[in-house]
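1. structure for this input, please:
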Amino acid sequence: MTRLLVAAQYLLPHQLLSRIMLILTRIRYRPWKNFLIRQIATRFGVDWSEAASDDIESYAHFNAFFTRALKPGARQPDADPRALLMPADGRISQLGPIRDGRIFQAKGFDFSTEELLGSASAALPFANGSFATIYLSPRDYHRVHMPWDGTLSLTRHMPGRLFSVSPGTVANVPRLFARNERLVCSFDTEFGPMCLVMVGALLVSGVETVWNGVEIPPYAGRVFERDYAHRLPPLKLARFDEMARFNYGSTVIVLLPAGVAELDPALAAGQAVRLGQVLARRVG
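-> Numbering: from 1, shown residues only. Sure thing, here's the model as predicted:
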C-alpha cells in the first residue's frame with residue numbers, strides 16, 4: 001500500500017493541492033475552522049496544556065492554531081553552554097556524518113549537499129561535516145529555533161516538487177529532500193557557516209521567517225536568493241531564538257561543518273525530540 005501511495009504522488013499536481021490547502025486552512029468561518037482544529041488535535045493527540053491558548057475560539061483560522069505559540073517556559077534551552085540545540089519538536093528522520101558531501105536519507109538513498117543547498121561553494125564547508133534531519137508531525141510545535149548564535153548571510157529559495165515527507169515516502173523517493181521546494185537559510189557563526197534548510201512538502205509547503213515574513217508560497221520557478229551579508233545592521237539571532245515557522249508542517253535539516261561539534265550520541269533515527277534539548281556539543 002505504501003508503495004502505491006508513493007507512486008501516486010508522482011502524478012499529483014503538488015502545487016495546486018498545496019494552494020488549495022493554503023486557502024482551506026485560512027478560512028475564518030467558525031464552524032469550519034473549529035472542525036479542522038478539533039479533527040487534527042484529536043487525531044494526532046495535540047497537547048493543549050502546552051499551548052499559549054487552549055481556547056479553540058482564540059484561533060482565527062486553522063493555520064493560526066497550527067503555528068500556535070507555547071506557554072512561557074514550555075521549552076527551555078539546555079543549560080550546557082557548549083550545547084547546540086535541537087531546532088524543533090519532532091522526530092529524527094536521520095542524523096550523522098556527511099560523507100564526501102553526501103547526506104544519508106534512508107536505506108539505499110542519499111543526496112548531495114550541493115544539490116540540497118543549490119551551490120557548490122555553499123556546500124564545500126559541509127563536505128565532511130554533520131547533519132540532522134528532523135520531521136515535524138501534525139501534532140508538533142511548528143516553529144523552528146536557532147541551534148546556536150548566528151548572523152544571517154543568505155537565503156536561497158530552491159524550486160522543486162512537494163512530495164510528502166512522511167517516513168514511508170522518505171524511504172521510497174530517491175533524493176526527496178533535494179527535490180522538494182525549500183528555503184536554505186545560511187548563517188555565519190563563531191565556528192563558521194551553519195545552514196538550516198526548511199523543506200516544503202505536499203499540502204504543507206508554507207515557510208515563514210521572522211525577518212521577512214512569508215517566503216513560500218509563492219512557489220519558485222527558478223532559484224531566488226536574498227543577500228543579507230551586507231545588511232546594516234547585521235541580522236543576528238541568538239541561540240534558541242525563533243527563526244522560522246512552517247505554515248502546516250514539514251522537515252528541517254541542520255548542517256554543521258566538520259570538526260566543530262559532535263552530535264549527541266544518545267540521538268538516533270526514529271527518536272522523538274523536543275526543541276531546546278542537546279543536538280550536538282562544541283569540541284575544542
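2. average pLDDT across stretch 168-175?
-> Average pLDDT, stretch 168-175: 91.
3. and for the helix or strand F131 falls within, what's in contact with it?
-> Here F131, judged by DSSP states H and E, is contained in strand 130-136. Applying CB atoms under 8 Å, 6 or more residues apart in numbering, the contact partners of strand 130-136 are 86-98, 103, 105, 142, 165-167, 170, 177, 246, 249-256, 258, 261, 263, 267, 273, 279-280. For glycine as for every other residue, the C-beta is placed from the backbone atoms N, C-alpha and C.
4. who does the very next helix or strand once past it touch, helix- and strand-wise?
-> Scanning forward in sequence from strand 130-136 by DSSP H and E, the next helix or strand is strand 143-145. Applying 3 or more CB pairs under 8 Å, 6 or more residues apart in numbering; DSSP states H and E, we find strand 143-145 packed against strand 242-247.
5. ok, then the element right after the strand it packs on?
-> Reading on from strand 242-247 to the C-terminus, the next helix or strand found by DSSP H and E is strand 250-256.
6. which residue is nearest the middle of the chain?
-> In the chain, the centroid-proximal residue (CA atoms, centre = their mean) is V252; its distance is 2.4 Å.
7. quickly note the distance from it to D110.
-> Note on V252: its distance to D110, by CB to CB, to the nearest Å, is 18 Å.
8. again, but for P218
-> Separation of P218 from D110 (CB to CB): 30 Å.
9. neighbour-wise, which of these two wins?
-> Neighbour comparison, P218 and D110: the larger count goes to D110, with 16 against 11 (by other CB atoms under 10 Å).
10. surely that one is within a strand?
-> Yes. Counting by DSSP: H, G, I helix; E, B strand; the rest coil, D110 is located in a strand.
11. ok, now which ones touch the residue lying closest to it once chain neighbours are set aside?
-> Nearest residue to D110, sequence neighbours excluded (CB to CB, 6 or more residues apart in numbering): R102, at 4.7 Å. By CB under 8 Å, 6+ apart, R102 lies in contact with 110-113.
12. give me the below-cutoff pLDDT ranges for the stretch 101-250 of the chain.
-> Across the stretch 101-250 of the chain, the ranges flagged by pLDDT under 70 are 204-205, 249.
13. need the strands for it, in chain order.
-> Assigned strands in the stretch 101-250 of the chain, in chain order: 102-106, 109-112, 130-136, 143-145, 150-158, 182-189, 192-199, 206-209, 213-216, 224-227, 236-237, 242-247, 250-256 (criterion: DSSP state E, counting those that start in this stretch).
14. re earlier: can you say which of the contacts of strand 130-136 are buried?
-> Burial by neighbour count, 16 or more other CB atoms under 10 Å: within the contacts of strand 130-136 this picks out 86-95, 98, 103, 105, 142, 165-167, 170, 177, 246, 249-256, 261, 263, 267, 273, 279-280.
15. which helix is the longest one in this protein?
-> helix 30-44 (DSSP state H).
16. go through that helix and flag the buried ones.
-> Neighbour counts over helix 30-44 (16+ other CB under 10 Å) mark 33, 36-37, 40-41 as buried.
17. with stretch 112-122 instead?
-> 112-119, 122.
18. make TSV out of these and add distance to N128.
-> Output for the buried residues of stretch 112-122, formatted as TSV (distance: CB to CB, whole Å):
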residue	distance to N128
S112	13
T113	10
E114	14
E115	17
L116	15
L117	15
G118	20
S119	17
A122	15
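19. tell me the one of those nearest E57?
-> Among these, L116 lies closest to E57 (CB to CB), at 41.2 Å.
20. list the contacts for that closest one?
-> Counting by CB under 8 Å, 6+ apart, L116 makes contact with 103, 123, 177-178, 182, 184, 197, 253.
21. quick check: closest non-adjacent residue to L12.
-> Of all residues not flanking L12 in the chain, L202 sits nearest, at 7.2 Å (CB to CB, 6+ apart).
22. repeat that for P193.
-> Of all residues not flanking P193 in the chain, P125 sits nearest, at 5.0 Å (CB to CB, 6+ apart).
23. that neighbour against G192, yeah?
-> Yes. Counting by CB atoms under 8 Å, P125 touches G192, with 6.0 Å between them.
24. anything in contact with each of those two?
-> Among the neighbours of P125, those also in contact with G192 (CB under 8 Å, 6+ apart) are P257.
25. pick out whichever of these two has more residues nearby.
-> P125 (18 against 15).
26. one step back: okay, who's weakest in the buried residues of helix 30-44 by pLDDT?
-> Among those, I40 carries the lowest pLDDT, at 90.
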